[in-house]
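> Output the structure for:
(one chain, ligands or ions: 1)
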Amino acid sequence: MTENSGLNVYNEIGQLKSVLLHCPGDEVENIVPKYLKRLLFDEIIYLKQAQKEHLQFAKLMIDEGIEVLYLTDLMAQIFNCPDTRKQFLEDFMVEGNVATEAVKETLRDFFSRMSPIDMVKKCIAGVQKSELAHIPKKSLADIVKNPYPFYLDPIPNLYFQRDPFASMGHGVTLNVMSSTTRNRETLFAKYLFDYHPRFKDVPRWYNRDKTHPIEGGDILILSNKVIAIGVSDRTDSIAVEKVAKKLLYSNESFEVILAFDIPKAREFMHLDTVFTMVDYDKFTIYPGIENPLDVYSIKKSPGNALAISFESDTLTSILKKYLKLPAINLIRCGDGNLIAAGREQWSDGSNTLAIQPGKVICYDRNYITNEALRKNGIEVLEFESYELSRGRGGPRCMSMPLNRKNI
Ligand SMILES: NC(=[NH2+])NCCC[C@H](N)C(=O)O
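This is a model prediction of the structure:
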């Protein structure tokens, strides 16, 4: 175990010490136009270039002394235990809707010939029907013609590591995803937190067996007292309240949850696609969500209850009040130009990853927003963004902080 064992995330901007990533692999080669929308993609991405960009992203962090971990490596370590590996595959097939015992039996045999790392990668990539030789025809479902090309669907959104779980303080939410295509991502997270020795005894603030969705892109740890959670296209208000109750009544330092009610639309799918923190008092924001933006505060109230109030003030005043700051600087995506804002937000111009206060990683394509950040005293590190951006997520969505310096 390293000094970075467990989780420690009490802010958005404190020096990033350890981060979890997934480099896109063969799963994105299993995206075809027919299933594009269901797989939550708008275009097909060129894997080789996407991987090149992802390496650049990881290298920027490694060069800053950040420990970069890969989900596939951690999962392979878990799979070194044959029982866990076996149990994972059973759960994975059930949740992947593998239809018949004959297919299951063939898949068990198929995976049994793989090393742990190859098995992890193959589970993520998906299994085309053409890859399995002969399936014994035992039940009707094995016999009737079915043109669907996969026995196991690909999981192409896994490179957005921000969403299936969320580090909050010393604990984690194991999320319920709002779309079926992303639900098996959280099975990886469950196994990680149930079985990896590095994450032993990490408390849970939400579990994947719940009914209401919440995704990590909606969760922003503004300080060790204040958390913002988007009520969004992906996150339900019921889930926000449940997480709030669990956290506020835990031993953690958090005192208030601010629920941001943002438009329920694909382009603003999570709070972090329209609003991220870049310094103690500076945020990027997509101007399209500012007016009106309803914010509700959730706090403890006597009798084990919650006090929920509408914050009838501007976002600046709300942030000033709760973060106890004399002033707040909202830096507009597209530098305030509506067309530039719309264009760059679509490629995650507001989705910055802070690696220390005032230092962020951004896609190079959002050059107007990046310049606006620099004009406001933020140091911006950039990397290429032709392909990764087509999945509709940026540097923040692609990373899950495991450990940040407290500030
Ligand atoms: N935290 C985020 N903004 N994640 C972006 C996820 C993008 C992904 N294609 C999806 O639709 O789910």
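
> quick check, V380 in a strand?
Yes: under DSSP: H, G, I helix; E, B strand; the rest coil, V380 falls within a strand.

> quick one: it and G288, what's the gap?
Remark: distance between V380 and G288 (CB to CB, to the nearest Å) = 22 Å. No exception for glycine: its C-beta is placed from N, CA and C like everyone else's.

> Let me see the contact set for R85.
I78, F79, P116, M119 (CB atoms under 8 Å, 6 or more residues apart in numbering).

> what's the neighbour count on the closest residue to the third one other than its chain neighbours?
Excluding the flanking residues, the one nearest P116 by CB to CB, 6 or more residues apart in numbering is F79, at 3.7 Å. For F79, the neighbour count with other CB atoms under 10 Å is 24.

> my guess is F79 contacts M119, does it?
Yes: using CB atoms under 8 Å, F79 is in contact with M119, at 6.2 Å.

> any idea whether the residue in the chain positioned nearest to the ligand is helix, strand or coil?
Evaluated by CB to the nearest ligand atom, the chain has G217 as its residue closest to the ligand, separated by 2.2 Å. With three-state DSSP as the basis, G217 sits in helix.

> Surely it is in contact with V274?
No: G217 lies out of contact with V274 (CB under 8 Å); the separation is 10.3 Å.

> Looking at those two, which one has more neighbours?
V274 (28 against 24).

> Give me the spatial nearest neighbour of that one, chain neighbours excluded.
V274 sits nearest to Y286 (CB to CB, 6+ apart), 4.1 Å away.

> again, but for A341
Spatial nearest neighbour of A341, chain neighbours left out: G334 (3.0 Å); criterion: CB to CB, 6+ apart.

> Over to the one you found. Which of the three states is it?
G334 falls in the helix class when you classify it by three-state DSSP.

> Start the count at 57 instead of 1 going forward.
Right, with 57 as the first residue, what we last looked at is G390.

> Model confidence at it, what's the number?
For G390, the pLDDT comes out at 97.

> Can you show me the strands along the stretch 307-456 of the chain?
312-317, 331-335, 338-341, 350-357, 361-366, 385-388, 409-412, 415-419, 435-439, 456-460 (DSSP state E, counting those that start in this stretch).

> Could I get those strands in TSV, plus columns for mean neighbour count?
As requested, the strands of the stretch 307-456 of the chain are arranged in TSV below (neighbours: other CB atoms under 10 Å):
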stretch	mean neighbour count
strand 312-317	22
strand 331-335	25
strand 338-341	22
strand 350-357	17
strand 361-366	12
strand 385-388	19
strand 409-412	24
strand 415-419	24
strand 435-439	17
strand 456-460	24
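
> any chance of those strands in TSV, plus distance to the ligand?
Listed next are the strands of the stretch 307-456 of the chain as TSV, based on distance: least, CB to the nearest ligand atom, whole Å:
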stretch	distance to the ligand
strand 312-317	14
strand 331-335	10
strand 338-341	13
strand 350-357	19
strand 361-366	25
strand 385-388	18
strand 409-412	11
strand 415-419	13
strand 435-439	17
strand 456-460	10
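
> need those in TSV with distance to H226, can you?
Shown next, in TSV, are the strands of the stretch 307-456 of the chain (distance: least, CB to CB, whole Å):
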stretch	distance to H226
strand 312-317	17
strand 331-335	20
strand 338-341	25
strand 350-357	19
strand 361-366	22
strand 385-388	30
strand 409-412	20
strand 415-419	25
strand 435-439	28
strand 456-460	10
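
> R264 is nearest to which of those strands?
Ranking those by distance to R264, with CB to CB as the measure, places strand 456-460 first at 15.6 Å.

> For that closest one, which outside residues touch it?
When contacts are defined by CB under 8 Å, 6+ apart, strand 456-460 is touched by residues 60, 63-67, 70-77, 123, 125, 217-218, 221-223, 272.

> can you give me the offset of that strand from its chain's centre?
Centre-to-centre, strand 456-460 and its host chain are 12 Å apart (CA atoms, centre = their mean, to the nearest Å).
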